[in-house]
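Visitor: Have a look at this fold, sequence not included:
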């Protein structure tokens with residue numbers, strides 16, 4: 001593979017890499033006939049991102065080198081990101097960028113042709129891998145929002161940088177509500193700050209959603225896509241269903257396509273009828289603490305998301321079922337009653353993040369027949385804030 005990026009497109013490529021770095025730690029690079037594909041997925045399989053750069057994006061594009069087989073490679077995100085560390089500097093100093101894959105040496109060569117004849121060459125080692133491809137259909141999502149990325153970027157400015165999740169929904173008078181997701185504290189005297197932004201229907205190019213629907217998703221990845229779309233002056237399409245179903249964020253241009261698929265928080269309670277200050281809160285029986293993304297509960301949606309990375313028959317992430325407690329027919333003694341009372345107390349320190357249920361985007365393998373599990377498979381994953 002060999003491709004040449006010239007002019008301002010070098011900065012666009014660098015911005016795309018920065019957006020992908022907010023999602024995963026590894027970059028999957030695959031040259032296709034339709035263009036160069038850059039993909040990544042986070043460790044918990046709850047966020048997937050892809051950019052496809054059309055051949056017209058490049059000054060020169062050659063997907064397959066004559067006499068060689070097509071290459072698919074996986075590179076550490078930090079290594080590739082170091083080449084495009086500062087997009088502003090790239091725009092001022094870099095005139096051309098040449099990307100070439102050498103299967104014999106297992107090297108991705110990135111050459112930056114700068115002003116005054118300066119040439120910087122980066123040799124990045126990679127691993128051969130299967131193609132990482134998520135299969136999704138935006139037509140299956142009944143709700144669609146389309147707006148300039150600049151409008152949405154300004155709407156999330158008031159939210160704290162450390163905020164993990166944001167809730168997007170349709171309120172009264174068909175106003176689009178963006179609200180920070182916060183659970184109630186155990187102490188009613190403690191009031192957490194809740195930030196809410198309201199956008200009118202006139203701010204959107206298309207609003208196809210019913211009142212009362214709302215989904216909660218990670219804000220970190222959403223910021224990354226908005227930053228890229230705003231710099232490219234593109235509109236963002238948001239396709240979503242109900243809580244627990246993946247939300248699809250898409251940007252489209254003549255030279256590139258971008259898709260971010262994010263898991264949404266699965267609400268055990270019925271969704272509120274309307275968003276606003278008087279909207280009902282979460283059930284008091286649930287844990288109360290600051291939201292965090294430490295635990296993901298998996299759901300069987302292999303029919304929705306497919307990829308070709310995980311080997312067939314892999315049991316990674318599965319846990320043995322809990323064994324039932326033996327029944328003690330005799331009445332407990334006083335010491336046993338005290339022990340049971342101690343066990344009944346919460347074993348977590350106050351402020352421990354609750355167990356939240358996200359729909360993980362499972363990635364199976366198409367190298368063999370798909371095997372669907374009999375029930376949900378628990379998956380433990382790290383906080384997506386710690387990624388990248």
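Guide: Alright, I've got the coordinates. As the structure is a computational prediction, the values presented were derived from the model and not from experiment.

Visitor: Specify the beta-bridge partners of residue 247.
Guide: Beta-bridge partners of residue 247, counted by DSSP bridges, are residue 262.

Visitor: So it sits against residue 237, correct?
Guide: No: taking CB atoms under 8 Å as the contact criterion, residue 247 and residue 237 are not neighbours in contact, 10.9 Å apart. C-beta coordinates here come from the backbone N, C-alpha and C atoms, glycine included.

Visitor: Contacts for the helix or strand containing residue 257 next, please.
Guide: Following DSSP states H and E, the helix or strand that holds residue 257 is strand 256-262. Counting by CB atoms under 8 Å, 6 or more residues apart in numbering, strand 256-262 makes contact with 12, 16, 19, 23, 35, 46-54, 57, 134, 136, 217-218, 221-222, 224-225, 228-229, 246-252, 305, 361, all of which sit outside it.

Visitor: neighbours of residue 21, just the number please.
Guide: Taking other CB atoms under 10 Å as the criterion, the count of residues near residue 21 is 20.

Visitor: What pLDDT is listed against it?
Guide: What the model reports as pLDDT for residue 21 is 94.

Visitor: returning to what we had before: just the ones in strands from the contacts of strand 256-262, please.
Guide: Assigned to strands by DSSP state E, the following of those qualify: 35, 47-53, 217-218, 247-252.

Visitor: coming back round to it: report the mean confidence score over the strand holding residue 257.
Guide: In the prediction, strand 256-262 has an average pLDDT of 94.

Visitor: Okay, angle between it and strand 47-53 too, please.
Guide: Using axes from the mean of the first three to the mean of the last three CA atoms, to 10 degrees, the interaxial angle of strand 256-262 with respect to strand 47-53 works out to 180 degrees.

Visitor: by how many degrees do strand 256-262 and strand 247-252 diverge?
Guide: Angle between the axes of strand 256-262 and strand 247-252 is 170 degrees (criterion: the same axes, to 10 degrees).

Visitor: Pull out the buried residues from strand 256-262.
Guide: Residues of strand 256-262 classed as buried by neighbour count (16 or more other CB atoms under 10 Å): 256, 257, 258, 259, 260, 261, 262.

Visitor: List just the nearest of those to residue 212.
Guide: residue 262 (20.9 Å; CB to CB).

Visitor: Quick one: buried ones out of the contacts of strand 256-262?
Guide: Neighbour-count burial (16+ other CB under 10 Å) applied to those gives 12, 16, 19, 23, 35, 46-53, 57, 134, 136, 217-218, 221-222, 224-225, 228-229, 246-251, 305, 361.

Visitor: which stretches of the stretch 151-300 of the chain form strands?
Guide: Along the stretch 151-300 of the chain, counting by DSSP state E, counting those that start in this stretch, strands occupy 165-170, 176-180, 196-199, 206-208, 214-218, 235-240, 247-252, 256-262, 295-296.

Visitor: now the ones you listed in CSV, with distance to residue 27?
Guide: Written out in CSV, the entries for these read as follows (distance: least, CB to CB, whole Å):
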stretch, distance to residue 27
strand 165-170, 25
strand 176-180, 30
strand 196-199, 33
strand 206-208, 32
strand 214-218, 19
strand 235-240, 22
strand 247-252, 19
strand 256-262, 14
strand 295-296, 22
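
Visitor: my guess is residue 169 contacts residue 210, does it?
Guide: No: between residue 169 and residue 210 no contact is recorded; they are 10.4 Å apart, counting by CB under 8 Å.

Visitor: more crowded one of these two?
Guide: When neighbours are counted by other CB under 10 Å, residue 169 and residue 210 differ, and residue 169 comes out ahead with 25 against 9.

Visitor: Is that one bridged to anything, and to what?
Guide: Beta-bridge pairing of residue 169 under DSSP bridges involves residue 177, residue 214.

Visitor: got a list of what it touches?
Guide: For residue 169, the contacting residues are 176, 177, 179, 212, 213, 214, 215, 275, by CB under 8 Å, 6+ apart.

Visitor: returning to what we had before: please identify which of the strands of the stretch 151-300 of the chain is closest to residue 123.
Guide: Residue 123 lies closest to strand 256-262 among the strands of the stretch 151-300 of the chain, at 26.1 Å (CB to CB).

Visitor: tell me the domain ranges of the chain?
Guide: Recorded structural domains for the chain (assignment: automatic domain parsing) are 2-128, 138-296.

Visitor: where among those is the average confidence lowest?
Guide: Per-stretch mean pLDDT for those is lowest at domain 138-296 (a mean of 80).

Visitor: picking that back up, taking the buried residues of strand 256-262, tell me the two that lie furthest apart.
Guide: Taking CB to CB as the measure, the buried residues of strand 256-262 span a maximum distance of 19.5 Å, between 256 and 262.

Visitor: Could you check stretch 160-176 and say which residues are buried?
Guide: Buried residues in stretch 160-176, defined by neighbour count with 16+ other CB under 10 Å: 163, 164, 165, 166, 167, 168, 169, 170, 171, 175, 176.

Visitor: what's the first-to-last distance across that stretch?
Guide: Stretch 160-176 stretches 19 Å from its first residue to its last (CA to CA, to the nearest Å).
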